[in-house]
Structures are given as structure tokens and as C-alpha cells.
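S.K.: How does the following fold in three dimensions:
(one chain, ligands or ions: 1)
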Amino acid sequence: MRLPHIPPYKTKVVEPVYFKTKEERANKITEVNYNLFNLHSDWVVVDLMTDSGTGAMSEQQWSEIILGDESYAGSESYFKLIRSVKDIMGFEYVAPTHQGRAAENILFSAVVKEGDVVPGNAHFDTTKGHIEFRKAKAIDCTIKEAFDTSLDHPFKGNIDLDKLESVIKEYGRERIPFINITVTCNTVGGQPVSMQNIKEVMTLARKHYIPVYMDIARYAENAYFIKTRETAYADKSIREIVKEMFDGVSVVWMSAKKDGLVNIGGFIALHDASLYERLGQFTIIYEGFITYGGMSGRAMGALAEGLKEGIEFDYLDDRIKQVAYLGQKLKDYGIPIQDPVGGHALYIDAKRMLPNVPQSQFPAQLLGVEAYIEGGVRGVEIGTLLADKDPVTGEERFPEMELLRLAIPRRVYSRSHMDYVAATMANIKDKCKSLSSGLSIVKQADILRHFTVELAMI
Ligand code: F0G
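M.R.: Numbering: from 1, shown residues only. A predicted model of the protein is given here:
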């Protein structure tokens, strides 16, 4: 008999899960104005709000917590982090930050100015937020295939080269501080970017003398997809693929809370000494001294180790297969998801699941509310709420896709939790088909509103 696949780890510490009744959850979600961010975690059964900072650390990482050197300057944990990043990614300079958006704040403070344009593949919301906050523009050049959830394409995170070139022609290279490639592309479904596409973007960028930057929160998962979906890379190691992905890239920044396998942390890594010096000024103002940048010594030590574990093939294979397992179950139950399944999450297509709820009434958020009431499963809306209003016109922006994301924390949940989630979604499928009205906004912030928005049921 062929032995079944099992995770390459076992449990040493456990955390309780709390159960409430459906009625209790229905009351609670009304009380918190239908905003899933307002729920206390003990009101959630399976928490798939994010894979960011929610993973379980290994025993080696916990040992780094004990070894952490908390010196204000020149901590040994900092040097461990630098060695890890250099060794895995090949960059000379590393600026730690407390998380990804802090890296964006520092980096964009140095390179993005009013009137600039940053083309890329579906920028993450904090990335877009930090660009728009500086009165610059983020232009989405993702291939159109990404926006049809039923269409099969191995690299839906790819950049459309014609679109990219037309943006460069329209705005001129002087207004484009960099081209941004996000690996994997979270906003369109944790979808990977192929090595071929990365190389083609690099060639185009070089032709126009524009540097390429990468947002590498989930770079190891991207490398796994290159290995398993791009024939030429089948026999290459994840390490080799990672090095090749970053070859010629000027700057990367990372929310280490994802593929860094830590609960907090981030960094910027680059080759250019003078840019690194400029970043240091902003790090000192916003984060802390340049050898810790908002992280504790122990957090840097845990990250130095997490980066190594994050590129192990067995770990990645187990991780991606767990996400794919839930994806297959959902499909078997007739739940419409972004296909093929991406790296860190399932993205349920709310337009298809709630076909009678208009996009102006936030169908993906409504789907999130229904999943929460039914099974205590918490996802997050990636749709009209997240898209924010247009900062210039103040008008509502309707993204092409209206999704509920179920993100899987790393090394946390078992297969039976995945079965529970799939059953929850199957149970609400018929109800969702019959719903014809959704939610309206009672109160909202101007930027990144989805975190604090208050909603009412129509
Ligand atoms: N870039 C990408 C691609 C991200 O997915 C995130 C965060 C960030 C940047 C910002 O990093 O949270 O450490 O400040 N994504 C989380 C998520 C929040 O749920 O997808 P951060």
C-alpha cells in the first residue's frame, strides 16, 4: 500500500478552540456592525482571516527566542538575520522593519513622490495605500485571465507586458520610480508569477531604465509553483529558484509574517549602498535604530531561522497541498473559487455564490458574515470594501472580482479543520443563492476602510 501524505511535523504545544452556538454568533456579528475584524478571537472557531503572523513556530525558532540578543545596537540576532537573508536571497544590505507595511513606509518615503506612477501586478492594499497616501498612483497590469475565477491558468499573477509597456509610454519613465512584482499576488488569489514572466518584465524594465522591485511576502510559495508548474524548473531546488527569481531585482521588501514563518517582522533588502543609507534615516525616524528596525532581538532570531525553514521543499509541499485539499473539497461541494488554487488561501467568488446581491451591497462581506454565523469560520473580504473609494473623485470603486478569502495559517490547522470549513461553506450555499440584498455602510474611514468600517444589514 502507498503510504498517505502526512505533515512533516507534529504538535508540541496546543491552543484551545472555543465553541459558541449559531444564535450567539448571529447576535455577536450584529453587535460588531458586521465587521469581522471587530470579533474577539475566542468568538471564532476556525480563523482564516489571514495567514499573516498566525503561523506556528518550530522548536528551533522557539530556541532562538531564548537566544535573542536584545542589545539596542549591533545585536547578534540582527547579524543572524542578515546572514540568512544574504544566504537565501543574495542581497547585500538588509533593513529590518516591524512588518511589511513599515517596510513600505520607509522604502516609499525614500523613492515615491507626488505624481509618480507605480505599475505592477495587483498591488496589495497597504502597498496601494502607501502609494496613494503620497499622491502617487498604483496601476494594475495583471493579465486579464486573473479576473475570471473559472479560467484555468498556471500563473494568474503574471504581468501583462503590453499593458505595462503602454503605461510606461503613457507616463514616461521619469514618473515611474520602479515596477512592482508581488509574489505571490495576494489580491488576485495568492496566484504565482512565472519565472518566464519575471524575466520578461526585467527585460522590458531594463530597456526603459526602470528598476524592478519585489514585494516578497510569499516568495517561497511562488518558488514552489515555479518548480511544480514551469517544466524547466522541475529539477531545480527551491533555493536555486529563489536566487534566480531575485536575479537583477534592485530591491525586495518582505512582510516576514508570511513565508518568514514568524508572528511579527519584516525587512527591506537591496544591493544599492546609497539607497540603503537613505532608508536608514527613515528607519530611525519611524521604526528604531537600523540594526533592529522595530523588531526585538528574539523576533529577528526567530525570523533568521524561519526563513530557512520556509524554503524547505517538504514544508512547502505539505502547506500548498493542504490549501489545495480544501480547494478540492470546496469545488466538490460546488463552491465557486478562484481556480487554480493559489498558495496561501482559497478565494470564493461572491459574484457567483451570491448572484442576486448587487456589488454595491458588498456580497463578499455578506458571504463572510454568513460563514461566520454558520460555522464560526472567519474569512476576509477582498472586494469592494477593501478597494476603498477613489481617493481623487471620492466615488465607489468596483473591482472586477468580489472575493471572500479563506487564508490558511502555516502549520496550525489539521485536515479535519479543513473538512469543517468545507462543510460550513456547503451548508450556506443554497441560502446564499437565494439572498437578494446585502449590507450598507454606516461609517467608514477615508483610506483602508475595511479594517474599521461599520455596516448594517439592508
Ligand atoms: N504585501 C503583501 C503581498 C501582503 O499580503 C501584505 C499583508 C503586506 C504587503 C503588508 O504586510 O501586514 O506585514 O504589514 N498581508 C496580510 C494579509 C495583512 O492578510 O494578506 P504587513
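S.K.: only C-alpha atoms for contact and neighbour calcs from this point on.
M.R.: Fine.
S.K.: what separates Leu330 from Gln191, distance-wise?
M.R.: Separation of Leu330 from Gln191 (CA to CA, to the nearest Å): 18 Å.
S.K.: What parts of the stretch 151-300 of the chain come near the ligand?
M.R.: For the stretch 151-300 of the chain, the residues in contact with the ligand (CA under 6 Å from any ligand atom) are 182, 186, 215, 217, 255, 257.
S.K.: how about low-confidence regions in the stretch 151-300 of the chain?
M.R.: Under the criterion pLDDT under 70, no range of the stretch 151-300 of the chain is flagged.
S.K.: Please identify which residue in it comes closest to the ligand.
M.R.: As assessed by CA to the nearest ligand atom, the ligand sits closest to Ser255 within the stretch 151-300 of the chain, at 4.1 Å.
S.K.: Would you confirm that that residue contacts Ala217?
M.R.: Yes: using CA atoms under 8 Å, Ser255 makes contact with Ala217 at a distance of 4.9 Å.
S.K.: anything in contact with each of the two?
M.R.: Residues touching both Ser255 and Ala217 (CA atoms under 8 Å, 6 or more residues apart in numbering) are Gly100.
S.K.: interface residues of the stretch 1-150 of the chain facing the ligand?
M.R.: So the stretch 1-150 of the chain meets the ligand at 50, 52, 99-101, 124, 126 (CA under 6 Å from any ligand atom).
S.K.: Domain map for the protein?
M.R.: 22-51+313-457, 59-310 (automatic domain parsing).
S.K.: do you know how far the nearest residue to Val453 once chain neighbours are set aside is from Leu385?
M.R.: If the residues on either side of it in the chain are set aside, Val453 comes closest to Gln444, at 4.7 Å by CA to CA, 6 or more residues apart in numbering. Counting by CA to CA, the gap from Gln444 to Leu385 is 10 Å.
S.K.: got it, and His344?
M.R.: For His344, the distance to Leu385 (CA to CA) stands at 21 Å.
S.K.: Please, where are all the strands along the chain?
M.R.: 46-47, 93-97, 117-120, 137-140, 179-182, 212-215, 251-255, 266-270, 345-349, 377-378, 380-382, 403-407, 439-443, 454-457 (DSSP state E).
S.K.: Report the distance from the last one to the chain centre.
M.R.: Spelled out, it's strand 454-457. 26 Å (CA atoms, centre = their mean, to the nearest Å).
S.K.: ok, residues contacting it?
M.R.: 32-35, 438-444.
S.K.: and the residues you listed as TSV, adding distance to Met245, pLDDT and neighbour count?
M.R.: Output for the contacts of strand 454-457, formatted as TSV (distance: CA to CA, whole Å; pLDDT from 0 to 100; neighbours: other CA atoms under 10 Å):
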residue	distance to Met245	pLDDT	neighbour count
Val32	43	97	15
Asn33	43	98	19
Tyr34	41	98	23
Asn35	38	98	23
Gly438	42	97	22
Leu439	42	98	20
Ser440	43	97	14
Ile441	42	97	17
Val442	45	97	10
Lys443	43	96	12
Gln444	39	95	16
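S.K.: still on that earlier bit, neighbour count for Leu330 and Gln191, which is higher?
M.R.: The neighbour comparison of Leu330 against Gln191 (other CA atoms under 10 Å) goes to Gln191, with 30 against 23.
S.K.: close enough to count as contact, that one and Phe155?
M.R.: Yes: at 6.3 Å, Gln191 counts as touching Phe155 under the criterion of CA under 8 Å.
S.K.: sorry, back to before: which of the contacts of strand 454-457 sits closest to Glu381?
M.R.: When the contacts of strand 454-457 are compared for distance to Glu381 (CA to CA), Asn35 wins out at 9.9 Å.
S.K.: Return the residues in contact with the closest one.
M.R.: By CA under 8 Å, 6+ apart, the contact set of Asn35 is 29, 451-455.
S.K.: Same question for Tyr315.
M.R.: Shown in contact with Tyr315 (CA under 8 Å, 6+ apart): 7-8, 309.
S.K.: Distance-wise, check it relative to the ligand.
M.R.: 20 Å (CA to the nearest ligand atom, to the nearest Å).
S.K.: separation between that residue and Lys258?
M.R.: From Tyr315 across to Lys258, the span is 13 Å (CA to CA).
S.K.: Could you report the pLDDT at Ser84?
M.R.: Here, the pLDDT recorded for Ser84 equals 98.
S.K.: my read: it touches Ala304, true?
M.R.: Yes: between Ser84 and Ala304 there is a contact under CA under 8 Å: 5.5 Å.
S.K.: who's more crowded, those two?
M.R.: Ala304 (25 against 19).
S.K.: Distance of the nearest residue to the more buried one once chain neighbours are set aside relative to Gly306?
M.R.: The shortest distance from Ala304 to any non-neighbouring residue, by CA to CA, 6+ apart, is to Leu81 (4.4 Å). Here Leu81 is placed at a distance of 10 Å from Gly306 (CA to CA).
S.K.: now Gly375
M.R.: On the measure of CA to CA, Gly375 and Gly306 end up 32 Å apart.
S.K.: check contacts around the residue positioned nearest the centre of the chain.
M.R.: In the chain, the residue lying closest to the centroid (CA atoms, centre = their mean) is Asn186, at 4.5 Å. Residues in contact with Asn186 (CA under 8 Å, 6+ apart) are 122, 124.
S.K.: One more: Asn27?
M.R.: Contacts of Asn27 (CA under 8 Å, 6+ apart): none.
S.K.: Report pLDDT for it.
M.R.: 98.
S.K.: try Asp390
M.R.: At Asp390, pLDDT is 88.
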